[in-house]
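[1] Starting from these lines, generate the structure:
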Amino acid sequence: MHRFANPARFLRFSAVLLPWAAGATVILTIVGLYLALFASPADYQQGETVRIMYIHVPAAWMALFVYTNMALAAAVGLVWKHPLADLFTKAAAPIGAGFTAVCLITGSLWGEPMWGTWWVWDARLTSVLILFFLYLGYMALVNAFDDPTRGSKAGAILVLVGVVNVPIIKFSVDWWNTLHQPASVVKMGGPSIDPSMLWPLLIMGLAFTCYFITVVLVRLRAEIAARKVQMLRLTMAQG
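    Residues are numbered from 1 along each chain as shown. From the prediction side, this is the model:
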């Protein structure tokens, strides 16, 4: 991956990848929504309310996926001083926060008819809320410094400290007695969800992933351009 550390090389690579990722996002979203809303059956217990799952679950997956990738990029930036690692972490944070917000909102919409309440302070919901605050805290911390290098370093440390929350979210329903249902897709023995619901769910998960790739490439390209402008201004000021 070191060959992509060069911003110019990355810009050429991302220019090729971007339209494919955007096209895949549109196609997978259309197919996934059609299957989720029209082709998949209603649940025998939850009825039509189960269709919230096709947004809620992929958003939850992506909230964890984005933060995990941010932690990896933060480690690379701190240890190997990869020039794009910090920029990736900064570019990905708002997207991950958006996925987490969607997860929390749709979870409340789903929980009210199922549990009779919009919110409970159980382990899964509370740890996801903490994840949302970690995203917000990272964005606030990075922008709190006049020196971008210091801000990126402080933000990277926060991300690495906060990554301990990821396995807590994943295994909270196994470690503690919670209202939240246990895993039904990624589990020992294979998925327990019916294929007529599993395939729309997986397609929506791929659509969300392609959306993340598309938006993070756009934001990363913008961050590189902004960094170039900043360096030019510093050079002109020193001159």
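[2] CA atoms for contacts and neighbours, from now on please.
    OK.
[3] quick one: the longest helix seen in the chain to chain centroid distance?
    Assignment by DSSP state H gives helix 195-238 as the longest helix of the chain. When distances are taken as CA atoms, centre = their mean, to the nearest Å, helix 195-238 is centred 11 Å away from the chain's centroid.
[4] how many neighbours does Val161 have?
    Counted by other CA atoms under 10 Å, the residues lying close to Val161 total 12.
[5] Next, work out how far apart it and Val16 are.
    35 Å (CA to CA, to the nearest Å).
[6] ok, now Val218?
    Between Val218 and Val16 the computed distance is 12 Å (CA to CA).
[7] which one is Val142 nearest to, not counting chain neighbours?
    In space, and not counting its chain neighbours, Val142 is closest to Gly151: 4.3 Å by CA to CA, 6 or more residues apart in numbering.
[8] The one you found sits in which helix or strand?
    Following DSSP states H and E, one finds Gly151 within helix 148-162.
[9] Buried residues, that helix. List them.
    By 16 or more other CA atoms under 10 Å, the buried positions in helix 148-162 come out as 151-156, 158-160, 162.
[10] Closest one of those residues to Ala123?
    Gly162 (16.0 Å; CA to CA).
[11] Show me which residues of the worst-scoring helix or strand of the chain on mean pLDDT are buried.
    Across the helices and strands of the chain, mean pLDDT, DSSP states H and E gives its lowest value to helix 165-175, namely a mean of 86. Neighbour counts over helix 165-175 (16+ other CA under 10 Å) mark 165-166, 168-170, 172-173 as buried.
[12] same deal with stretch 66-84?
    So stretch 66-84, judged by 16+ other CA under 10 Å, has buried residues 66-68, 70-77, 82-84.
[13] Out of those, show me where the pLDDT dips lowest.
    Least confident by pLDDT among the buried residues of stretch 66-84: that is Pro83, with 80.
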